[in-house]
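**Student:** would you be able to build a 3D model of this:
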Amino acid sequence: IKIGISRATEEKRPKKKKPILKTWIMTAAAAGILMCSSFIDPTISRVLADAPIIGGLYANFNDMVGRSLEKQNLVKELNQTYTSNGVDVALTSAYYDGYLIGITFDVKGNLQEEDGYYYALYELFNGDPLADETKELTTLTKTKDGYTGHIRIVYPYKDLPKNDTIPVSFEEIGTNKGNWQFDVPVQQNPIKEYVFENKESTNPEGDVVFKVVSVITGKASTAIIYSVTYPKGKLDSFNGMLNVDSNTKLPMGGTSDGKIDQITNGDKTTIVRKLVIPDLLKNTTLTVWPSDVETHSPVEPIKIDIP
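**Tutor:** The predicted structure is shown next:
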């Protein structure tokens, strides 16, 4: 959303970039801890329901993973509410699928639109510098009872825990500044991981090595873990994405490619990255290769099979 990004820039709220990761995470389905209600000032109550959501929360958002998981009863209901400066924010659902986490929320209060939109500015993972893009804008949709919004997160870290708590803090709702803080419990559904032993290629000079490490599938998403090794200092700014050619139709948007690790060994540096695809790929053959890097010849593409 260009207007929102421009607005964030003008207000000097730059996104934090993480040295160890990048963008949209792991298998499945969201929250599984029952928490007692508690009240503090500002008022906050937290209750996590056990029952999956049967409605259509994700039908209003461009989140095909959320829609698919909802049909599979793999989205969990949340009931966490925080009030600040007269505005109520209530988290309504969450899912955790592969490297992807989705959260929906409702807002009640007197909001002022800006540039024809209603915005929410939030921060993830307490602004951890190792987590990419921790501060984001999302637009709100007006409803008969208030407003509704949606957050989709790519888990930024290398290891995918079976259970985690995601810190989410809203800093501004509409034009109302405040402090709406949440700790969102999520629980991973079973994932499948396919590890490749000899899937690697080089460029003609032999100084760049491309390797496909593994493929991780959730219930509605797929992640390709890959690495690029090069002479130390030569490609330290490498932020290229993985190119994918498939024998099946892939989703047109929503993919995310980000760094999750960087290792230096002697005169070689290895960058480990993940490409997250918002679709469950199976019985599919992919041909993959990293985007070309100036000053280096391209590596040979690698063909991988996903059962």
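
**Student:** which one is residue 146 nearest to, not counting chain neighbours?
**Tutor:** residue 108 (4.0 Å; CB to CB, 6 or more residues apart in numbering). To be clear about C-beta, it is placed using only N, CA and C from the backbone, and glycine gets the same treatment.

**Student:** typo on my end, residue 85
**Tutor:** Nearest residue to residue 85 in three dimensions, chain neighbours excluded: residue 178, at 4.2 Å (CB to CB, 6+ apart).

**Student:** in the stretch 201-307 of the chain, which spans are helices?
**Tutor:** Ranges of helices within the stretch 201-307 of the chain: none, based on DSSP state H, counting those that start in this stretch.

**Student:** may I have the predicted confidence score for the residue lying closest to residue 269 once chain neighbours are set aside?
**Tutor:** Closest residue in space to residue 269, ignoring its immediate chain neighbours: residue 232 at 4.9 Å, by CB to CB, 6+ apart. The model reports residue 232 with a pLDDT of 82.

**Student:** so what's residue 232 up against?
**Tutor:** Listed by CB atoms under 8 Å, 6 or more residues apart in numbering, the contact set of residue 232 reads 264, 266, 267, 268, 269.

**Student:** next one: residue 193
**Tutor:** Residues in contact with residue 193 (CB under 8 Å, 6+ apart) are 214, 215, 216, 217.

**Student:** ok, those vs residue 228, which is closest?
**Tutor:** residue 214 (15.2 Å; CB to CB).

**Student:** what pairs with the closest one across the strands?
**Tutor:** Beta-bridge partners of residue 214, counted by DSSP bridges, are residue 195, residue 225.

**Student:** show me where pLDDT drops low in the stretch 1-150 of the chain?
**Tutor:** 1-55 (pLDDT under 70).

**Student:** so where do the strands sit in it?
**Tutor:** Assigned strands in the stretch 1-150 of the chain, in chain order: 44-52, 76-84, 87-97, 100-108, 118-124, 135-143, 146-154 (criterion: DSSP state E, counting those that start in this stretch).

**Student:** what would these look like in TSV with mean neighbour count?
**Tutor:** Formatted as TSV, those follow (neighbours: other CB atoms under 10 Å):
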stretch	mean neighbour count
strand 44-52	15
strand 76-84	22
strand 87-97	26
strand 100-108	25
strand 118-124	21
strand 135-143	16
strand 146-154	22
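
**Student:** of those, which approaches residue 301 most closely?
**Tutor:** Closest approach to residue 301 among the strands of the stretch 1-150 of the chain is made by strand 146-154 (24.6 Å; CB to CB).

**Student:** can you pull out the residues in contact with that closest one?
**Tutor:** With CB under 8 Å, 6+ apart, strand 146-154 has contacts from 22-25, 58, 60-61, 63, 65-66, 99-109, 111, 118, 120, 122, 124, 136, 138-141, 166, 168, 256, 258, 276.

**Student:** and the angle from that strand to strand 87-97?
**Tutor:** Comparing the axes of strand 146-154 and strand 87-97 via axes from the mean of the first three to the mean of the last three CA atoms, to 10 degrees yields an angle of 40 degrees.

**Student:** for residue 211, see how far away the residue nearest to residue 146 is.
**Tutor:** Look at residue 108 and residue 211: by CB to CB, to the nearest Å, they are 50 Å apart.

**Student:** what does residue 264 give?
**Tutor:** Residue 264 is 16 Å from residue 211, by CB to CB.

**Student:** compare these two (neighbour count), which wins?
**Tutor:** Between residue 264 and residue 211, counting by other CB atoms under 10 Å, residue 211 is the more crowded of the two (19 against 11).

**Student:** verify the stated contact: that one with residue 224.
**Tutor:** No: applying CB atoms under 8 Å as the test, residue 211 and residue 224 come out as separate, 11.4 Å apart.

**Student:** OK, contacts around the residue lying closest to residue 145 once chain neighbours are set aside?
**Tutor:** The shortest distance from residue 145 to any non-neighbouring residue, by CB to CB, 6+ apart, is to residue 108 (6.9 Å). Residue 108 sits next to 87, 88, 90, 145, 146, 147 when contact means CB under 8 Å, 6+ apart.

**Student:** bridging residues for residue 303?
**Tutor:** Beta-bridge partners for residue 303, by DSSP bridges, are residue 287.

**Student:** next, count neighbours for it.
**Tutor:** Residue 303 has 11 neighbours, counted by other CB under 10 Å.

**Student:** surely it and residue 286 touch.
**Tutor:** Yes: counting by CB under 8 Å, residue 303 touches residue 286, with 7.2 Å between them.
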